[in-house]
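K.L.:
model this:
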Amino acid sequence: MLEVKFTREPGCEDLPLPEYQSAGAAGIDLPAVVEDEVIINPGEFRFISTGLHVAIPEGYEGQVRPRSGLARKYGITILNAPGTIDSDYRGVVGVILCNFGSEPFKVRRGDRIAQMVFAPVERAALIEVDKIDKTHRGENGFGHSGI
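P.N.:
Modelled structure (predicted):
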């Protein structure tokens with residue numbers, strides 16, 4: 001089993017450490033660390049601290065993803081989803097919440113605002129060549145297969 005170490009920012013001892021919410025859950029829920037209630041109006045985004053520092057083992061990343069319930073009920077997502085926490089990052093984990101809903105959204109201390117999934121990372125050897133092989137798809141990009 002992968003071991004990931006966490007520390008909390010001073011003043012966050014009242015909040016529980018992240019945990020899996022069910023036996024089959026892929027991600028751990030991340031808490032909001034705000035002093036006062038934060039309002040995110042429709043169309044706005046805000047950086048919200050989790051108050052957590054994480055030591056992810058080399059060869060892995062932490063993927064910060066939206067919580068499906070917040071997206072479905074309130075239109076709340078993460079602006080850069082999935083956000084990547086690299087194995088050598090030791091700063092506080094933050095989440096850029098964005099409100100695509102039609103109503104202001106309140107973030108309170110301890111709210112579960114995002115989830116983190118740990119995933120292996122493969123490093124690539126980058127090789128410059130004169131040209132690359134052609135494929136049937138070629139340069140067809142966004143929307144190439146229809147709607």
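K.L.:
Could you look up the SS state of the residue most central in space within the chain?
P.N.:
In the chain, the centroid-proximal residue (Cα atoms, centre = their mean) is residue 64; its distance is 1.5 Å. Applying DSSP: H, G, I helix; E, B strand; the rest coil to residue 64 yields a three-state assignment of strand.
K.L.:
In contact with it, which residues?
P.N.:
When contacts are counted by Cβ atoms under 8 Å, 6 or more residues apart in numbering, residue 64 is found next to 30, 78, 81, 82, 83, 84, 85, 93, 95, 114, 115, 116. C-beta here means a position set from N, CA and C on the backbone, and glycine is covered the same way.
K.L.:
do residue 133 as well
P.N.:
Applying Cβ under 8 Å, 6+ apart, no residues qualify as near residue 133.
K.L.:
which residues sit against the longest strand seen in the chain?
P.N.:
The longest strand of the chain (DSSP state E) is strand 45-55. With contact meaning Cβ under 8 Å, 6+ apart, strand 45-55 is reached by 4-9, 11-12, 15, 18, 30-34, 38, 40, 62, 79, 85, 89-99, 107, 113-114, 116.
K.L.:
Identify the neighbouring strands of it in the sheet and state each direction.
P.N.:
strand 5-8 (antiparallel), strand 92-99 (antiparallel) (DSSP bridges).
K.L.:
In that strand, which residues are buried?
P.N.:
For strand 45-55, burial by neighbour count (16 or more other Cβ atoms under 10 Å) applies to 45, 46, 48, 49, 50, 51, 52, 54.
K.L.:
List just the nearest of those residues to residue 145.
P.N.:
residue 45 (30.7 Å; Cβ to Cβ).
K.L.:
which non-adjacent residue is nearest that closest one?
P.N.:
Excluding its sequence neighbours, the residue lying closest to residue 45 (Cβ to Cβ, 6 or more residues apart in numbering) is residue 98, at 4.1 Å.
K.L.:
Settle this for me: that neighbour is touching residue 76, isn't it.
P.N.:
Yes - counting by Cβ atoms under 8 Å, residue 98 does reach residue 76; the two are 7.2 Å apart.
K.L.:
between the two, what contacts are shared?
P.N.:
In contact with both residue 98 and residue 76: residue 40, using Cβ under 8 Å, 6+ apart.
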